[in-house]
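[1] With the sequence up front, the predicted model follows.
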Amino acid sequence: MRCVIARYPFELTKSGVLASMEGVKPEPITGESVTIGRRRYPAKQVGAVVTRQDRRDFTSGEVVRAMARLGFTCHAHPDAAPVSEPATPLQTASALLGGVAAAPADAHKE
């Protein structure tokens, strides 16, 4: 498969990537990652090994797109948390004091 990484064209195959990564010890994962064989590698490490380019020359997104097209399983950042609505000042103060947020005034009427 032809793909462009860091503005350079590469002809990559799944078997070629598997062969390139054989015997390579995975580095600690801090961002996007790719599962190759039975191991999970940081996307930047895969890109550096496969293209033989400096990691500063390409983005992890470029590598993830190429590896996904080849059929490898790609993973988002491990610490990515779902985005939630910010707490109101009342909720923040209540949490700091160790309590729960006060119920609306209408809830106390009988």
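    Received, thanks.

[2] Give me the contacts around the top helix by length along the chain.
    Taking DSSP state H as the criterion, the chain has its longest helix at helix 60-70. If you take Cβ atoms under 8 Å, 6 or more residues apart in numbering as the criterion, helix 60-70 is touched by 1, 3-6, 10, 12-14, 17, 31-32, 34, 36, 42-44, 46-47, 50, 74. Every residue, glycine included, has its C-beta placed from N, CA and C.

[3] List the buried residues of it.
    Ser60, Glu62, Val63, Val64, Arg65, Ala66, Met67, Leu70 (16 or more other Cβ atoms under 10 Å).

[4] Over to stretch 27-39?
    Ile29, Gly31, Glu32, Ser33, Val34, Ile36.

[5] Looking at those residues, which one is closest to Leu97?
    Gly31 (36.9 Å; Cβ to Cβ).

[6] Tell me if I am right that the closest one is in a helix.
    No. Assigned with DSSP: H, G, I helix; E, B strand; the rest coil, Gly31 falls outside any helix and is coil.

[7] Wait, it touches Pro42, no?
    Yes. If you go by Cβ atoms under 8 Å, Gly31 and Pro42 touch, sitting 6.3 Å apart.

[8] quick revisit: and the contacts of helix 60-70, which are buried?
    Here, 16+ other Cβ under 10 Å leaves 3, 5-6, 10, 12, 17, 31-32, 34, 36, 42-44, 46-47, 50, 74 buried among the contacts of helix 60-70.

[9] Just those: which are in helices?
    Using DSSP H, the members of the buried ones among the contacts of helix 60-70 that fall within helices are Val17, Ala43, Lys44, Val46, Gly47, Val50.

[10] Include distance to Ala95 when you put those residues into JSON lines, please.
    As requested, those are exported to JSON lines (distance: Cβ to Cβ, whole Å):
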{"residue": "Val17", "distance to Ala95": "47"}
{"residue": "Ala43", "distance to Ala95": "36"}
{"residue": "Lys44", "distance to Ala95": "37"}
{"residue": "Val46", "distance to Ala95": "41"}
{"residue": "Gly47", "distance to Ala95": "42"}
{"residue": "Val50", "distance to Ala95": "47"}
